[in-house]
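Undergrad: Dropping the sequence and predicted coords here.
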Amino acid sequence: MQSEFRAGERLVTLPEKTDEGVYFIGRIHTPWRDRKDCPRQGSLDGPECRIEIFAPWDAALQGLDDFDHLEILYWLDRSRRDLVLQNPHGDGQAFHGTFALRSPQRPNPIGTSKVRLVRIDGASLVVRGLDCLDGTPLIDIKPDRCEFSPKAAPK
Ligand code: SAM
């Protein structure tokens, strides 16, 4: 289900092949089935959502409970990838380049949210702060950069 585009928005022809692949390492379960109900940006006070981690990647959760906040990266799988000029208000007036927006429509439809880690239940994380549709594929999890100190020796 790809989204529509608005009058005057500019589309390009996508290259035939992508340059690299990604692994979907899990799936995000949220209360939102429809874009119109989904927040534009997550809030740390938003509803609890569950991030399911697929095997074998669940082994990579070790140590995550040291952090209160995480950065979640996800693949906005129901997005157009060919829009370069967008009219978010749909007024036919104000057009913005895709890279000047946080719109889900982008060549690599990667969404990011800072979330609060509520708890870890086996291979699932319960978090608050997401803004994606139910079933959105997960591509990465990182500790929030403010809480993280590098484990490697300084350069
Ligand atoms: N917080 C992320 C960011 O800034 O990178 C995403 C922001 S984007 C504006 C959030 C919107 O993307 C939602 O309100 C919804 O309309 C849309 N969206 C959510 N999940 C999606 C999905 N799986 N595929 C396509 N669009 C999605």
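TA: Arrived safely.
Undergrad: give me every residue that touches the residue nearest to Ile53 when sequence neighbours are not counted.
TA: Among residues not flanking Ile53 along the chain, Gly26 sits closest, at 4.3 Å (CB to CB, 6 or more residues apart in numbering). All C-beta spots, glycine's among them, are computed from the backbone N, C-alpha and C. Gly26 sits next to 51-54, 57, 137-138 when contact means CB atoms under 8 Å, 6 or more residues apart in numbering.
Undergrad: what about 6 Å?
TA: 51-54, 138 (CB atoms under 6 Å, 6 or more residues apart in numbering).
Undergrad: Show me which pair in the residues you listed is furthest apart.
TA: Spatially, the most separated pair among the contacts of Gly26 is Ile51 and Phe54, at 10.7 Å (CB to CB).
Undergrad: looking at this, Cys132 is in a strand?
TA: No: counting by DSSP: H, G, I helix; E, B strand; the rest coil, Cys132 is not part of a strand but coil.
Undergrad: residues near it, how many?
TA: Neighbour count for Cys132, taken as other CB atoms under 10 Å: 25.
Undergrad: again with Ser149
TA: Neighbours of Ser149 using other CB under 10 Å come to 5.
Undergrad: And the residue nearest to Ile53, how close does it get to Phe54?
TA: Gly26 is 5 Å from Phe54, where distance means CB to CB, to the nearest Å.
Undergrad: likewise His29?
TA: On the measure of CB to CB, His29 and Phe54 end up 13 Å apart.
Undergrad: For these two, indicate the residue with more neighbours.
TA: His29 (17 against 14).
Undergrad: what's the nearest residue to that one if we skip its chain neighbours?
TA: His29 sits nearest to Arg50 (CB to CB, 6+ apart), 4.3 Å away.
Undergrad: Confirm that neighbour sits in a helix?
TA: No: under three-state DSSP, Arg50 sits outside any helix and is assigned strand.
Undergrad: show me what contacts it?
TA: Going by CB under 6 Å, 6+ apart, the list of residues near Arg50 reads 29, 124, 126.
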